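**Student:** Sequence unavailable; structure follows:
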(Lines give C-alpha, C1' and ligand atoms only; values in the text may rest on other atoms or scores of the structure.)
Protein backbone atom coordinates (compact mmCIF):
# COMPACT_ATOMS: atom_id res chain seq x y z
CA UNK A 1 0.00 0.00 0.00
CA UNK A 2 1.37 3.38 -1.00
CA UNK A 3 1.01 5.86 1.87
CA UNK A 4 1.36 8.91 -0.39
CA UNK A 5 -1.54 7.86 -2.62
CA UNK A 6 -4.49 10.09 -1.74
CA UNK A 7 -7.07 8.98 -4.31
CA UNK A 8 -7.41 6.89 -7.48
CA UNK A 9 -9.56 6.64 -10.58
CA UNK A 10 -10.74 3.29 -11.88
CA UNK A 11 -12.00 3.46 -15.45
CA UNK A 12 -13.86 0.44 -16.88
CA UNK A 13 -12.28 -2.10 -14.60
CA UNK A 14 -13.11 -5.34 -12.87
CA UNK A 15 -13.06 -6.12 -9.18
CA UNK A 16 -12.51 -9.84 -9.91
CA UNK A 17 -10.25 -10.65 -12.85
CA UNK A 18 -11.20 -14.35 -12.85
CA UNK A 19 -15.00 -14.20 -12.75
CA UNK A 20 -15.63 -10.85 -14.40
CA UNK A 21 -13.19 -9.89 -17.12
CA UNK A 22 -14.48 -8.98 -20.57
CA UNK A 23 -11.79 -11.05 -22.31
CA UNK A 24 -11.60 -14.15 -20.16
CA UNK A 25 -14.45 -15.01 -17.82
CA UNK A 26 -14.35 -17.76 -15.21
CA UNK A 27 -11.78 -19.85 -17.05
CA UNK A 28 -13.38 -19.42 -20.48
CA UNK A 29 -12.08 -17.19 -23.28
CA UNK A 30 -14.56 -14.61 -24.57
CA UNK A 31 -14.12 -14.77 -28.34
CA UNK A 32 -15.52 -11.34 -29.20
CA UNK A 33 -12.37 -9.54 -28.19
CA UNK A 34 -9.88 -11.88 -26.59
CA UNK A 35 -7.55 -12.38 -29.54
CA UNK A 36 -7.71 -8.80 -30.82
CA UNK A 37 -7.17 -7.29 -27.38
CA UNK A 38 -4.33 -9.61 -26.37
CA UNK A 39 -2.61 -9.01 -29.73
CA UNK A 40 -3.03 -5.24 -29.40
CA UNK A 41 -1.65 -5.24 -25.83
CA UNK A 42 1.27 -7.42 -26.90
CA UNK A 43 2.15 -4.75 -29.47
CA UNK A 44 1.57 -1.81 -27.12
CA UNK A 45 3.83 -3.33 -24.46
CA UNK A 46 6.67 -3.39 -26.98
CA UNK A 47 6.56 0.38 -27.61
CA UNK A 48 9.65 2.13 -26.27
CA UNK A 49 9.20 4.41 -23.26
CA UNK A 50 9.49 8.19 -23.82
CA UNK A 51 13.22 9.06 -23.91
CA UNK A 52 12.61 12.34 -22.04
CA UNK A 53 11.93 10.33 -18.86
CA UNK A 54 15.52 9.06 -18.68
CA UNK A 55 18.84 10.67 -17.81
CA UNK A 56 20.87 8.69 -20.33
CA UNK A 57 20.30 6.85 -23.57
CA UNK A 58 21.68 3.69 -21.93
CA UNK A 59 19.12 3.88 -19.10
CA UNK A 60 16.35 4.36 -21.67
CA UNK A 61 17.57 1.42 -23.76
CA UNK A 62 17.92 -0.90 -20.74
CA UNK A 63 14.39 -0.02 -19.60
CA UNK A 64 13.01 -0.71 -23.06
CA UNK A 65 14.92 -4.01 -23.27
CA UNK A 66 13.56 -5.04 -19.86
CA UNK A 67 10.04 -4.16 -21.04
CA UNK A 68 10.47 -6.27 -24.18
CA UNK A 69 11.71 -9.26 -22.20
CA UNK A 70 8.86 -9.06 -19.68
CA UNK A 71 6.20 -8.60 -22.34
CA UNK A 72 7.34 -11.37 -24.67
CA UNK A 73 4.74 -13.79 -23.28
CA UNK A 74 1.28 -13.23 -24.70
CA UNK A 75 -1.72 -12.51 -22.52
CA UNK A 76 -3.60 -15.31 -24.23
CA UNK A 77 -1.08 -17.95 -23.15
CA UNK A 78 -1.05 -16.56 -19.60
CA UNK A 79 -4.83 -16.82 -19.44
CA UNK A 80 -5.10 -20.29 -20.96
CA UNK A 81 -2.39 -21.55 -18.61
CA UNK A 82 -4.37 -20.30 -15.60
CA UNK A 83 -7.86 -21.66 -16.09
CA UNK A 84 -8.65 -22.03 -12.39
CA UNK A 85 -8.96 -19.36 -9.69
CA UNK A 86 -5.69 -18.59 -7.94
CA UNK A 87 -2.81 -16.17 -7.44
CA UNK A 88 -2.60 -15.21 -11.13
CA UNK A 89 -6.17 -13.86 -11.10
CA UNK A 90 -6.11 -12.51 -7.54
CA UNK A 91 -3.38 -10.04 -8.50
CA UNK A 92 -5.31 -6.89 -9.39
CA UNK A 93 -8.64 -8.15 -8.01
CA UNK A 94 -10.14 -6.25 -5.09
CA UNK A 95 -13.36 -8.19 -4.47
CA UNK A 96 -11.97 -10.10 -1.47
CA UNK A 97 -10.30 -7.00 0.01
CA UNK A 98 -12.60 -4.01 -0.33
CA UNK A 99 -11.90 -3.09 3.31
CA UNK A 100 -8.22 -2.51 2.48
CA UNK A 101 -9.17 0.41 0.22
CA UNK A 102 -9.12 3.41 2.53
CA UNK A 103 -8.72 6.26 0.03
CA UNK A 104 -11.52 7.75 -2.09
CA UNK A 105 -11.97 6.04 -5.45
CA UNK A 106 -13.72 7.48 -8.48
CA UNK A 107 -14.92 4.48 -10.49
CA UNK A 108 -16.29 5.09 -13.98
CA UNK A 109 -18.36 2.54 -15.85
CA UNK A 110 -20.42 2.50 -19.01
CA UNK A 111 -23.78 0.92 -19.70
CA UNK A 112 -22.44 -0.18 -23.10
CA UNK A 113 -19.25 -1.65 -21.59
CA UNK A 114 -18.45 -5.18 -20.48
CA UNK A 115 -17.46 -4.06 -16.98
CA UNK A 116 -20.83 -2.58 -15.98
CA UNK A 117 -21.53 -5.23 -13.32
CA UNK A 118 -18.15 -4.55 -11.65
CA UNK A 119 -18.92 -0.81 -11.48
CA UNK A 120 -22.27 -1.63 -9.88
CA UNK A 121 -20.55 -3.83 -7.27
CA UNK A 122 -17.97 -1.11 -6.58
CA UNK A 123 -20.82 1.36 -5.98
CA UNK A 124 -22.10 -0.92 -3.22
CA UNK A 125 -18.81 -2.04 -1.69
CA UNK A 126 -16.27 0.81 -1.85
CA UNK A 127 -15.84 3.08 1.16
CA UNK A 128 -18.28 5.94 1.69
CA UNK A 129 -15.86 8.60 0.38
CA UNK A 130 -15.79 6.90 -3.02
CA UNK A 131 -18.02 7.73 -5.98
CA UNK A 132 -19.12 5.69 -8.98
CA UNK A 133 -20.32 7.18 -12.26
CA UNK A 134 -22.08 4.93 -14.76
CA UNK A 135 -23.24 6.51 -18.00
CA UNK A 136 -24.32 5.60 -21.54
CA UNK A 137 -20.74 4.97 -22.71
CA UNK A 138 -18.77 2.24 -24.40
CA UNK A 139 -15.27 1.21 -23.25
CA UNK A 140 -13.60 4.61 -23.70
CA UNK A 141 -13.18 7.91 -21.86
CA UNK A 142 -16.68 9.35 -21.39
CA UNK A 143 -15.85 12.62 -23.18
CA UNK A 144 -14.86 10.79 -26.41
CA UNK A 145 -17.05 7.70 -26.13
CA UNK A 146 -19.81 6.95 -28.58
CA UNK A 147 -23.01 6.96 -26.53
CA UNK A 148 -26.27 5.13 -26.83
CA UNK A 149 -27.25 2.18 -28.96
CA UNK A 150 -27.05 1.94 -32.74
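**Tutor:** Received it, and whenever you're ready, just let me know what you need. In this text, all values refer to a predicted model and were calculated from it rather than measured experimentally.

**Student:** Could you tell me the per-residue confidence at the closest residue to residue 98 other than its chain neighbours?
**Tutor:** Spatial nearest neighbour of residue 98, chain neighbours left out: residue 125 (4.6 Å); criterion: CB to CB, 6 or more residues apart in numbering. For the C-beta atoms, the positions are set from N, CA and C on the backbone; glycine is no exception. The per-residue pLDDT reported for residue 125 equals 95.

**Student:** Residue 125: neighbour count?
**Tutor:** Using other CB atoms under 10 Å, residue 125 is surrounded by 14 other residues.

**Student:** Distance of it relative to residue 67?
**Tutor:** Note on residue 125: its distance to residue 67, by CB to CB, to the nearest Å, is 34 Å.

**Student:** got it, and residue 112?
**Tutor:** Taking CB to CB, one finds residue 112 at 32 Å from residue 67.

**Student:** for this structure, which spans come out with low pLDDT?
**Tutor:** 1-2, 33, 148-150 (pLDDT under 70).

**Student:** By residue count, which helix of it is the longest?
**Tutor:** As assigned by DSSP state H, the longest helix anywhere in the chain is helix 57-70.

**Student:** Tell me the buried residues in that one?
**Tutor:** 60, 64 (16 or more other CB atoms under 10 Å).

**Student:** begin at 708 from here
**Tutor:** Understood, numbering begins at 708; the last thing we discussed is helix 764-777.

**Student:** any residues touching that helix, and which ones?
**Tutor:** 752, 753, 755, 756, 758, 760, 761 (CB atoms under 8 Å, 6 or more residues apart in numbering).

**Student:** picking that back up, so the residue nearest to residue 805 sits right up against residue 804, yeah?
**Tutor:** No: if you go by CB atoms under 8 Å, residue 832 and residue 804 don't touch, sitting 10.3 Å apart.

**Student:** where do the strands sit along the protein?
**Tutor:** 715-718, 731-732, 735-736, 812-817, 838-842 (DSSP state E).

**Student:** What is the first one packed up against?
**Tutor:** In other words, strand 715-718. Contacts defined by 3 or more CB pairs under 8 Å, 6 or more residues apart in numbering; DSSP states H and E place strand 715-718 against strand 812-817.

**Student:** Might you report the residue contacts of residue 727?
**Tutor:** 721, 822, 824, 825 are the contacts of residue 727 under CB under 8 Å, 6+ apart.

**Student:** Fine by me, thanks again.
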